[in-house]
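Asker: Take a look and give me a structure for this.
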Amino acid sequence: MRTLLIFSFTILITFNVFAQKEKSPIAIGQIIINNDTIRQFTLEAVDRDKHIEALIKKWGAPSSNKTGIIKWKDISIDGIDSKLEIKLSDGLFAEKTKSALYTPFKNEKDKTKRLNSLKENESRYTYLEFMGSDGINYINSSEREKIIVDMLLAEFKKLK
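Answerer: Presented below is the predicted three-dimensional model:
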């Protein structure tokens with residue numbers, strides 16, 4: 001009986017260890033506008049600044065580089081047939097009683113100050129949008145979504 005109990009406990013621990021997955025550094029939000037599903041890619045990693053630096057290294061100098069909003073233009077991504085404009089927004093998301101508010105960081109000083117004094121209802125929120133040359137969100141299908149997710153995960157895997 002004791003052997004069976006120890007064996008069962010060992011099996012349970014083994015399944016628990018293998019069942020725990022590493023949290024993905026990317027979450028995908030979907031917004032439906034005029035029967036079109038648009039994807040927004042949220043950075044969930046703890047060290048977001050490191051991940052942002054990896055994207056700057058990958059895509060080169062941004063066309064616009066403010067602390068809260070970084071933009072790249074004419075970026076080619078394998079598997080995507082058009083050059084894209086990429087926008088990275090970095091700021092705080094504050095939940096209110098009946099609403100929520102997102103505000104990008106204004107500069108490094110603002111970012112440091114706000115991150116060092118987070119309130120209980122606030123959290124850092126960093127997301128990417130991929131637009132076509134017409135300024136419309138280009139990642140509007142599950143196939144394109146997979147291409148972007150795979151590319152981001154491959155890039156972030158290099159950080160480990």
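
Asker: Low-confidence regions, this structure specifically.
Answerer: Screening the chain residue by residue with the criterion pLDDT under 70, one finds the ranges 1-22.

Asker: Would you confirm that Arg48 contacts Asp90?
Answerer: Yes - taking contact to mean CB atoms under 8 Å, the distance of 7.1 Å between Arg48 and Asp90 places them in contact. C-beta coordinates here come from the backbone N, C-alpha and C atoms, glycine included.

Asker: Mutual contacts of these two, please.
Answerer: With contacts defined as CB atoms under 8 Å, 6 or more residues apart in numbering, the residues adjacent to both Arg48 and Asp90 are 124, 126.

Asker: More neighbours: which of the two?
Answerer: Relative neighbour count places Asp90 above the other of Arg48 and Asp90, with 20 against 16, counting by other CB atoms under 10 Å.

Asker: Okay, and that one sits in which element?
Answerer: Here Asp90 is covered by strand 84-95, with elements defined by DSSP states H and E.

Asker: Mind jotting down where the helices sit in this protein?
Answerer: 2-19, 48-59, 108-116, 142-157 (DSSP state H).

Asker: Which residue, other than its chain neighbours, is closest to the most centrally placed residue in the chain?
Answerer: With distances taken as CA atoms, centre = their mean, the residue of the chain nearest its centroid is Leu43 (2.1 Å). Nearest-residue entry for Leu43: Thr126, 4.2 Å, with adjacent residues in sequence omitted and distances by CB to CB, 6 or more residues apart in numbering.
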